[in-house]
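A.B. asks: Sequence and predicted structure are below.
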2 protein chains.
Amino acid sequence: MGTTQQLADFAASTSFKDLPDRVVHEAKRDIINLIGVALYASVDPSLKILLDMFEAEGGNPRAGIWGTGRRTTLANAALANGWTGHLEDYDDTHFPTVIHPSAPTVPAAWALAEANGSSGQDVLAAVALGIEICCRLGVSLHPWHYDEGWHITGTMGVFGSAVAAGRLHGLNAAQITVAMGIAGTQAAGLRENFGTMAKPLHAGRAAEAGVVAALLAKGGFTASTTIIEGRRGVAEVMSPGRELSRATDKLGQHWEMFQNGLKPYSCGVVSHPAIDAAIAIHNRPGFNPANVTDIEALVHPLVPELMGRPNPTTGLECKFSSQHCMAVGLVDGAAYPDQYSDAKAADPLISSLRAKVRLVVTPGTLEEAMTLRVSLKDGSVIEQHVPHATGSPKNPLSDDHVNEKFLTMARRAMSEADAKAVLDGLWRLDEAKTVVGLVP
Amino acid sequence: MGTTQQLADFAASTSFKDLPDRVVHEAKRDIINLIGVALYASVDPSLKILLDMFEAEGGNPRAGIWGTGRRTTLANAALANGWTGHLEDYDDTHFPTVIHPSAPTVPAAWALAEANGSSGQDVLAAVALGIEICCRLGVSLHPWHYDEGWHITGTMGVFGSAVAAGRLHGLNAAQITVAMGIAGTQAAGLRENFGTMAKPLHAGRAAEAGVVAALLAKGGFTASTTIIEGRRGVAEVMSPGRELSRATDKLGQHWEMFQNGLKPYSCGVVSHPAIDAAIAIHNRPGFNPANVTDIEALVHPLVPELMGRPNPTTGLECKFSSQHCMAVGLVDGAAYPDQYSDAKAADPLISSLRAKVRLVVTPGTLEEAMTLRVSLKDGSVIEQHVPHATGSPKNPLSDDHVNEKFLTMARRAMSEADAKAVLDGLWRLDEAKTVVGLVP
């Protein structure tokens, strides 16, 4: 059996009861985290562009758009929830690959689960297996695929969504193989669009592609059964290098999803260690950001490559500016979505600090680590080293922190009491007979 | 101005009156040809898989699905008409790149034109400019992009559809640039799926992506303005080589769309010269295919690469079997859709002839040329050389042949009289105040 069929077989034959407790627990945390950030983004004006299109196009109310009270088609619900899930760049990150696996996977699962009356256990299994397969495929193509310019969340996301939607739509292994063939041939998303609305669109379209693939595969569609490993398939065509055995090694024993981290900060993950350091310096007694004369950041090469943006002019651009991340950490002691607004982009003190940042690529620095050296007017230098950023696999968010983040996010779209009720329902997802009504 | 903006500017600033007569005439032929093959495919059972999905998902009746009498959303209409337009692999082919530019472009234009009440002249200009830009981009990445494994109809098609839909949705140059940024980041379609239903899906999804891109760009969406030429854009990421100046050289003077040919045969274009040769041999007095002992085909390397398939088992696979193409040419003297059925795949005489074919890659053979040597039981050898296949730029279909093909195709979905009325309406597209009602 080739890679695609092996993965489809694993996806089809693994039941909820087969899943280790920790896998279920992580899937639950991933779902809570994703729905929390999606609820926060559900009041963002940009969502209206999608909703206006949905309104004009019409469609049956089959699944909900989180936070809006609206219901729409399965494809549109997956698109919109994938969009809001990734809009703030505050969703989860699979550290080895920088995939954001939940934004394509969870919305696809949720839409099918609402339409088909699936149980909470079905959804947890679908999400766990979707994320697992998405991340495994990412690992097998990393770093070549991402380095080539692909937004790996869009490209590998289609497999997470196809697997999750496929399970919840009752596909057997052969049909999931076909769904992967349909979804895989829609793998897309270029890093050229980073910093624009088209970036979260990648996650939304990946979610939608998986849903459509599951519907078509169930309807009798045909597609390649070797979309991953074939001579003209995803691995050969979309990645200059590959190690496909990593996609299938120790399936069911090794869980790649454990490398998926929940973000404490609302921006690109490669800047998280720098924010940890900046907040630690902000919290030092007597620190005043107006006294800063120089900021030297010893960082991994991906920091300048992905987030070397000294002059962001919009909130969205700020999310991809490591300089901005450090500046708000030093000034506000925080990196919540509020720190990534157009107003913060134009703030004079923050702008002046951004201009003082020097990114120094330093060999041996891990992606989750960095050292920050801040020089002050009195000639002193504060140095802060961060070995493992908050939210990385070696320093994961606690469940309490996950709850706090969820409530902070969800409060933007609903009352505190409602947010707590949603959170409680999601923690008890494994007992839920249906997911209908769990998220308004 | 970069490549993307130059092309968007050209698309936005060129009016119908600016177009040379021949450009308008070719656009009209392309539209007639595409709608003809789409009408033929509209009764194919596979379309039901899409229609069932549309039915379950619902949507406002904004645009028609050709041949079905149904109306659906703009996105679904584009998807379905792109699907039927390419299903039979009988649509047009841009010879230098093997792009099928009309299947993504015309359905996108038609859907927007129906919804917005655009005139026939508006549609002709949108289609001409969409096809032109699609083909120019293809040329600038050819052969590297296709050789890498991309189905160039899907990947470049998104630009044809975005440009055409963008013009008909009233986008200015800046908005068309954004639409190209949105559509370009959805460029997808892997050759691994050749021979399956996912191949025509590439054309359908490309049409849909352009429609969605135009709607979102008009709504205020943001995207990269350098999706083609940017460091992480389509050209760098999706093609090992590129010559981007070819996309913009002599815009408005040189027309790449003149290299777009209309197919006389219902299969992959690289086998067309072989079918010309086989039919010529079939037509020789006294020829009997039962007497054939050996078939030697001196061909371009793309023939075995794309269509070296000696044992096809389905009609769809036969479309990508050069061996089958020659066999039906010799036996039936034809290569209409009827020759690519499951029954023909299993026909004993045709199967036996397929097994006798030897594909011999012969240096110096043009893609549009070939030599066929058929040996007979009596020891004689018939040799037939074809310098320029029917339908290639140097041997184009006459307008009469276009009409005959259209009527042959459309008759599967409607009466002869209705087909003639549609054909007449399409030839007079430049006089039409609206396209609504032109195609049932």
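C.D. replies: Happy to help now that I have it. Please read all numbers here as calculations on a predicted model, not as lab measurements.

A.B. asks: residue furthest from the geometric center of chain A?
C.D. replies: Note on chain A: the largest C-alpha distance from the chain mean falls to A:D378, namely 41.8 Å (C-alpha atoms, centre = their mean).

A.B. asks: Show the pLDDT at the nearest residue to that one once chain neighbours are set aside.
C.D. replies: Closest residue to A:D378 apart from its sequence neighbours, by C-beta to C-beta, 6 or more residues apart in numbering or on different chains: A:N291 at 7.2 Å. For glycine as for every other residue, the C-beta is placed from the backbone atoms N, C-alpha and C. A:N291 is assigned 97 on the pLDDT scale.

A.B. asks: A:N291 contacts A:S375, correct?
C.D. replies: No. Counting by C-beta atoms under 8 Å, A:N291 does not reach A:S375; the two are 9.4 Å apart.

A.B. asks: Next up, the contacts around the residue nearest in space to the middle of chain A.
C.D. replies: Residue closest to the mean C-alpha point of chain A, counted by C-alpha atoms, centre = their mean, is A:H100 at 2.8 Å. By C-beta atoms under 8 Å, 6 or more residues apart in numbering or on different chains, A:H100 lies in contact with A:86, A:91-94, A:153, A:157, A:203.

A.B. asks: try it again with 10 Å
C.D. replies: Contact analysis of A:H100 by C-beta atoms under 10 Å, 6 or more residues apart in numbering or on different chains lists A:34, A:82, A:85-86, A:89-94, A:134, A:151-154, A:156-157, A:160, A:200, A:202-203, A:206, A:260, A:263, A:269.

A.B. asks: related to what we said a few turns ago, so for A:N291 and A:S375, which residue has more residues nearby?
C.D. replies: Using other C-beta atoms under 10 Å in any protein chain shown as the criterion, A:N291 and A:S375 rank with A:S375 on top: 16 against 13.

A.B. asks: For the more buried one, which three-state class applies?
C.D. replies: With DSSP: H, G, I helix; E, B strand; the rest coil as the basis, A:S375 sits in strand.

A.B. asks: circling back to that earlier point, which of the contacts of A:H100 are buried, as a ChimeraX select command?
C.D. replies: Of those, the buried ones go into a single ChimeraX selection, burial set by 16 or more other C-beta atoms under 10 Å in any protein chain shown:
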select /A:34,82,85,86,89,90,91,92,93,94,134,151,152,153,154,156,157,160,200,202,203,206,260,263,269
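
A.B. asks: Looking at the contacts of A:H100, which are in strands?
C.D. replies: Counting by DSSP state E, those place A:93-94, A:260 in strands.

A.B. asks: Among those, name the least confidently predicted one.
C.D. replies: Among the ones in strands among the contacts of A:H100, A:T93 has the lowest pLDDT, at 93.

A.B. asks: pLDDT score for the closest residue in space to it that isn't next to it in sequence?
C.D. replies: Distance criterion C-beta to C-beta, 6+ apart; nearest residue to A:T93, sequence neighbours excluded, is A:V269 at 4.4 Å. Looking at A:V269, its pLDDT is 87.

A.B. asks: How about the one 10 residues further on?
C.D. replies: We note a pLDDT of 96 for A:I279 in this prediction.

A.B. asks: So it sits against A:T390, correct?
C.D. replies: Yes. With contact defined as C-beta atoms under 10 Å, A:I279 reaches A:T390; the gap is 9.3 Å.

A.B. asks: Quick check: neighbours shared by the two?
C.D. replies: With C-beta under 10 Å, 6+ apart as the test, A:I279 and A:T390 both reach A:264-265.

A.B. asks: Who are the contact partners of the closest residue in space to A:C267 that isn't next to it in sequence?
C.D. replies: Leaving out its chain neighbours, the residue that sits closest to A:C267 by C-beta to C-beta, 6+ apart is A:K319, at 4.4 Å. Listed by C-beta under 10 Å, 6+ apart, the contact partners of A:K319 are A:87-90, A:194-195, A:199, A:265-268, A:271, A:307, A:309, A:312, A:325, A:335, A:337, A:339-340.

A.B. asks: In helices only, show me those.
C.D. replies: A:87, A:199, A:307, A:325 (DSSP state H).

A.B. asks: The last one: what's it in contact with?
C.D. replies: What it means is A:C325. A:265-268, A:270-272, A:274-275, A:278, A:297, A:303, A:307, A:318-319, A:335, A:339-340, A:354, A:357.

A.B. asks: and what of A:M156?
C.D. replies: So A:M156 contacts A:94, A:97, A:99-101, A:104, A:133-142, A:145-146, A:150, A:184, A:187, A:189, A:206, A:234, A:238 (C-beta under 10 Å, 6+ apart).

A.B. asks: which residues does the nearest residue to A:G120 once chain neighbours are set aside contact?
C.D. replies: Leaving aside its chain neighbours, A:G120 sits nearest to A:A432 (3.3 Å; criterion: C-beta to C-beta, 6+ apart). Counting by C-beta under 10 Å, 6+ apart, A:A432 makes contact with A:113, A:118-124, A:425-426, A:438.

A.B. asks: can we see that at 8 Å?
C.D. replies: A:119-120, A:425, A:438.

A.B. asks: Then A:E256?
C.D. replies: Contacts of A:E256 by C-beta under 8 Å, 6+ apart are A:94, A:96, A:132, A:135-136, A:139.

A.B. asks: and the two most separated of those residues?
C.D. replies: Farthest-apart pair in the contacts of A:E256 is A:P96 and A:E132; separation 13.2 Å (C-beta to C-beta).

A.B. asks: Counting neighbours, go ahead and name the busier of the two.
C.D. replies: A:E132 (30 against 16).

A.B. asks: circling back to that earlier point, pick the one among the contacts of A:A432 closest to A:L171.
C.D. replies: A:S119 (16.9 Å).

A.B. asks: I figured that closest one hits A:L438, correct?
C.D. replies: No. Using C-beta under 8 Å as the test, A:S119 is too far from A:L438 to be in contact (11.6 Å).
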